[in-house]
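Asker: show me how the following folds:
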Amino acid sequence: MITLAYTPFIDALPLHDGWYLLIVPMTIFLAIGYKGVRCTHLNRYPRELAIFIVQILGVIALLAIAFLILINYLVPLLAPMPT
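Answerer: Sure, this is the predicted structure:
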């Protein structure tokens, strides 16, 4: 059944090739919500928000690099494929 309205939980967006790009806006919205609750003084809010966003994205990048090394180099050493 085709409808004119977009139903987000029924009709997913076709983002199969670029799903990883959604990490950045998701991180920004998460940081806005978290720091909005945890920040004690609003004059420090933008600085703490920027630091928190960079921290989250940095840890995600480091985890991606670590898993890349683990999967591509260490797992083949531990369990070699039979030839």
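
Asker: going by C-alpha atoms from here, please, whenever you check contacts or count neighbours.
Answerer: OK.

Asker: which residue is nearest the centroid of this structure?
Answerer: Centroid check for the chain by C-alpha atoms, centre = their mean gives Ile23 as the closest residue, at 3.2 Å.

Asker: tell me how far that residue lies from Asn72.
Answerer: Going from Ile23 to Asn72 by C-alpha to C-alpha, to the nearest Å gives 23 Å.

Asker: report the mean per-residue pLDDT for stretch 71-79.
Answerer: For stretch 71-79, the mean per-residue pLDDT is 91.

Asker: end-to-end on that stretch?
Answerer: End-to-end distance for stretch 71-79: 11 Å, by C-alpha to C-alpha.

Asker: for that stretch, which positions count as buried?
Answerer: By neighbour count on 16 or more other C-alpha atoms under 10 Å, the buried set for stretch 71-79 is empty.

Asker: please identify which helix or strand holds the residue nearest to the centre of the chain.
Answerer: Assigned by DSSP states H and E, Ile23 belongs to helix 23-38.

Asker: for that helix, give the mean pLDDT please.
Answerer: The average pLDDT within helix 23-38 is 96.

Asker: also stretch 41-50?
Answerer: In this model, stretch 41-50 carries a mean pLDDT of 95.

Asker: can I get it in CSV, CA atoms only?
Answerer: The C-alpha trace of stretch 41-50 is given here as CSV (Å, rounded to 0.1, in the frame of the first residue of the first chain):
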residue,chain,number,x,y,z
HIS,A,41,26.6,26.7,34.2
LEU,A,42,25.2,27.7,30.8
ASN,A,43,28.2,29.9,30.0
ARG,A,44,30.4,26.8,29.7
TYR,A,45,27.8,24.8,27.8
PRO,A,46,29.1,25.4,24.2
ARG,A,47,32.7,24.6,25.1
GLU,A,48,31.7,21.4,27.1
LEU,A,49,29.4,20.4,24.2
ALA,A,50,32.1,20.7,21.6
